[in-house]
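Engineer: Please find the sequence and the predicted model below.
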Number of protein chains: 2
Amino acid sequence: MAARGTHGRRPTLEEVAARAGVGRGTVSRVINGSPRVSDRTRAAVEEAVAELGYVPNTAARALAANRTDSIAVVVPEAESRFFSEPYFSGMVGGVGMALAESNLQLLLTFARGEREQDRLAAYLAAHRVDGVLLVSVHADDPLADRLLQMDIPTVISGPRSADEPLPSVDTDNYAGARSAVGHLTSRGRRSVAIITGPLDVYGAQRRLAGYEGQLAADGIAYDEKLVAYGDFTEEGGRRCMAELLERSPGLDAVFACSDLMASGARQVLREKGRRIPDDVALVGFDDSVIARHMEPGLTSVRQPTRDMGRAMTALLLDEIALAADGKRSSVRRGAERHVVLPTELMIRASS
Amino acid sequence: MAARGTHGRRPTLEEVAARAGVGRGTVSRVINGSPRVSDRTRAAVEEAVAELGYVPNTAARALAANRTDSIAVVVPEAESRFFSEPYFSGMVGGVGMALAESNLQLLLTFARGEREQDRLAAYLAAHRVDGVLLVSVHADDPLADRLLQMDIPTVISGPRSADEPLPSVDTDNYAGARSAVGHLTSRGRRSVAIITGPLDVYGAQRRLAGYEGQLAADGIAYDEKLVAYGDFTEEGGRRCMAELLERSPGLDAVFACSDLMASGARQVLREKGRRIPDDVALVGFDDSVIARHMEPGLTSVRQPTRDMGRAMTALLLDEIALAADGKRSSVRRGAERHVVLPTELMIRASS
DNA sequence: CACTAGGGTGGGAGCGCTCCCATGTGTGAT
DNA sequence: ATCACACATGGGAGCGCTCCCACCCTAGTG
C-alpha cells in the first residue's frame, strides 16, 4: 500500500550488492568509506551505486546505527519574534551554511509555551536528533537543563549565566556595550542614558554592565535616572524613552540595547522635538536592517550572527563526536566550550 | 556501543506492551489512535505509556511505515538572501505555525548552486521527507520539475508561470500592483515610473502587468521610458532610479516592486534633491521592516507572508494525503490547487 | 612445506516499528 | 441452544540498514 508512485522503489543496499556481485556488508563498507575494502571491489560497488542511483535510506540507517544525522535548532520563542528579529534568521542562516559542508540536516523547531516545550523535550529525548542548538534562552528556561540532564549534545546561543554548564557561543556583549558608550562619550556626550534589554537574559545584563563599566572608565558618575528597563521590543523602546525624557530631560545620548528599541526611542525623540544627533545621539545594538534604513542611519553594535551560527554548529559537532566516543573526556577543554565573538561598532549619522 | 549516556535506553513498544499486559500490536493501535481497541485496554496501555515515558522511535516508524512525518522547506537561494528578505522568514514562520498543530517536523534546506541542488534532489528522492515546500523559485528552476517527475508531493510558493503544474500559493501580485499604481494616480500623479523585479520570476511579471493594467484603466499612456528593470536588490533600486531620472526627469511617482529597491531609489532621489513625497511619491512592495522604518515611512503593498506559509502547509498536507491514498483522484480540484492571497496597501508618508 | 597472520569478504542478527493475518471472545439472530 | 458475524487482540514478517563474527584466501615465516 501507499506506494509512492509508479516510478518504483528506490534501490536497496542488497540490490546494489547483487549488481556489483558482492555482499551486503561490502557495499555498506564502501558507502561509509571504510578502508577495509580492496580498490577493485570499491570501484565495482561505486559503479553499481551510480548505475542504480542508489541513495541510502536514512530511516533504516538511523534505526540500525542509532544516529540520525540531523540536528535541531530550537527557538524557544513564538515564531512572531523569529520574523521581527534578524538575530534569529542570521543565526539560522549561519547554521545552514556550516551544515552544508557536513551532511547533517537541520530541523527547525519553535517552542512557545510550556506544553509545547514538554512535547519538544520528549521529542528530542526520543533520539530524533543527534544534537540540539538552543537559540535565545532566558535564564530560567527549563528546556536547557532538561537537555543537559538527558545528556543530549547541546549548544546554547547565549549563556544563561556566568557559569553556564552547556557549551555556548555568544557575542562580547560587555565589550560591545562599552564601545557604544565610549563612542558617545568620546564625542562629548556626558549624559548618556541606556534602554536595557530584559534582564533575565544574561546578554542584556552584560550590556548594562558594559555601560556602567565604560562610564566608570570615563569618570562619569552612574545615574539611576538614566537607566530604563526595556524588553527588546519597539514598544518597550518607546515607553522607556518617554520615561527617560521625563526623568532626565537634559540627556544628550541614548544607548538602546537593540535596534528595535532604538527605533521606538527615535519615534518618541522626534515627537518630543529632539533632533538626532544634534540634541540627542542614539546608538543601537544588532546592526540589523532597521539600523541601515532608519533616518538618520543608526549607529549600532554589530553582532556577527552568521559567524555565531557557524561557531555553534562547529561546537555541536564536537560535542556529538565526543558523546559518540563514550565521553572519554569528562575533563573537557573548559574555555573552548565557551566561544565569545567580537562585536563591531557601525557608525552612522545618528551619533 | 555508543550508548548515549547512562540514563538508559528509551523504552520500546514491546516493553510498554509487557507492562500493560497486552500485545505489541495493541499498543501500536493505541499509539496511533486506531478505534479498534476497547476502552479498558486503551486505558491500561495509556497508563503504561505514561509510567514508562514512552515515545515512539521515529526512525523505526519511518522505516516500517514508509513515511517520515517531516517535510522540507527548500530555499533555492543563498542563505544571504534568506536574511535580508523578510519574505523568507515570514514564510518559514507561517509554516512552523501551521506545523505545530500537526505533528510534522520541519526540515530547512538551502540549496545554492547546481551541485547542491543535485545533492538535494537525491536526498529528497530517498524518501527522507513526506513532502516539499519550495520557496521563491525562478522560472527556469530545475528542482521543481525534478520533484514533479519524482512524484514527491510539492507545493511551490510562487507559480513559475500561468499554468504552473505544481500546486502553488501566491499573493495577488497583479492586484497588488494595481492598488499601488491606482493609489498614486488617484493622488494626481501622472508620470508614474516602475522599477520591476527580475522578470524571470513570474510574480515580478505580474506586478509589471498590474502596473500596465492600472495605467490603462486610468487612461494614462504607457511610456517605456518610465520602466526600469531591477532585480529586487537595493543596489538595483539605486541603478534603476538613476536611469529613470536621467530618461524621465519629470516623473512624479515611482512604484518599486520591492521595499529593498524602494530604499535604493529613495537614496538616489535624495541625492538628486527630490523631496519625497512632494516632488516624487514612492511606493514599495512587501511591507517589510524597511518600509516601516524608512524616512519618510514607505507606502507599500503588504504580502501576508505568514498566511502564505500556512496556506502552503495546508495544501501540502492535502497533497500528501492524496498521494498516500494511491492518488485515486488524478482529476483533482484544479483551481483549489492554486491559492492566491490578497494584498493590502499600507499607506504611509512617502506617497 | 606446513603454519600462522591478517586483510577482504559474506551474511546472520537485530534495531523498533507497522501491517496484516490468524485466533479468540462476545453479541444478536434463528 | 446454535450459528454467524463483528469486534478485539496477539504476534509473525518484514522495512533497509549497521554491526560483527566467522570464514577464506594470500603472503609471510620457521
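Structural biologist: Arrived safely, thanks for sending.
Engineer: any idea how far the residue in the stretch 201-350 of chain A that DNA strand C sits nearest to is from DNA strand D?
Structural biologist: With C-beta to the nearest atom of the strand as the measure, A:Ala324 is the residue of the stretch 201-350 of chain A nearest to DNA strand C, at 16.6 Å. (C-beta placed from N, C-alpha, C; glycine too.) As judged by C-beta to the nearest atom of the strand, to the nearest Å, A:Ala324 and DNA strand D stand 9 Å apart.
Engineer: Give me the mean pLDDT for the longest helix along chain A.
Structural biologist: Using DSSP state H, we find that the single longest helix of chain A is helix A:305-324. Here helix A:305-324 scores 90 as its mean pLDDT.
Engineer: Now do the contacts for A:Met312.
Structural biologist: A:91, A:94-95, A:133, A:155, A:157, A:169 (C-beta atoms under 8 Å, 6 or more residues apart in numbering or on different chains).
Engineer: let's go with 7 Å and repeat that
Structural biologist: Shown in contact with A:Met312 (C-beta atoms under 7 Å, 6 or more residues apart in numbering or on different chains): A:95, A:133, A:155, A:157, A:169.
Engineer: same question, A:Ala139
Structural biologist: A:Ala139 touches A:160-161, A:200-202, counting by C-beta under 7 Å, 6+ apart.
Engineer: Which of the three states applies to it?
Structural biologist: coil (DSSP: H, G, I helix; E, B strand; the rest coil).
Engineer: Now the residue in the stretch 151-300 of chain A that chain B sits nearest to: which helix or strand?
Structural biologist: Here the stretch 151-300 of chain A gets closest to chain B at one residue, A:Glu295, 2.8 Å apart by C-beta to the nearest C-beta. Following DSSP states H and E, one finds A:Glu295 outside all helices and strands.
Engineer: give me the element the residue nearest to A:Ala121 when sequence neighbours are not counted is part of.
Structural biologist: Distances taken as C-beta to C-beta, 6 or more residues apart in numbering or on different chains place A:Arg146 nearest to A:Ala121, at 5.1 Å, with adjacent residues excluded. Element membership of A:Arg146 [criterion: DSSP H and E] is helix A:142-149.
Engineer: Please apply the same query to A:Val340.
Structural biologist: Counting by DSSP H and E, A:Val340 is found in strand A:338-341.
Engineer: what's that strand packed up against?
Structural biologist: strand A:168-171, helix A:305-324 (3 or more C-beta pairs under 7 Å, 6 or more residues apart in numbering or on different chains; DSSP states H and E).
Engineer: Would you tell me which one of those is buried the most?
Structural biologist: Comparing the helices and strands packed on strand A:338-341 by mean neighbour count (mean count of other C-beta atoms under 10 Å in any protein chain shown), strand A:168-171 comes out on top with a mean of 25.
Engineer: For A:Asp170, which non-adjacent residue is spatially closest?
Structural biologist: Per C-beta to C-beta, 6+ apart, closest to A:Asp170 is A:Gly158, 5.0 Å.
Engineer: so how far is the helix or strand just after the helix holding A:Arg146 from its chain's centroid?
Structural biologist: Remark: after helix A:142-149, the chain's next helix or strand is strand A:154-156, criterion DSSP H and E. Centroid displacement of strand A:154-156 relative to its chain, using C-alpha atoms, centre = their mean, to the nearest Å, is 9 Å.
Engineer: Next, see if strand A:154-156 gets close to chain B.
Structural biologist: No - with C-beta under 7 Å from any C-beta of the partner chain as the criterion, chain B is not reached by strand A:154-156; the gap is at least 12.4 Å.
Engineer: Please apply the same query to stretch A:258-268.
Structural biologist: Yes - Stretch A:258-268 reaches chain B (C-beta under 7 Å from any C-beta) through A:Ser263.
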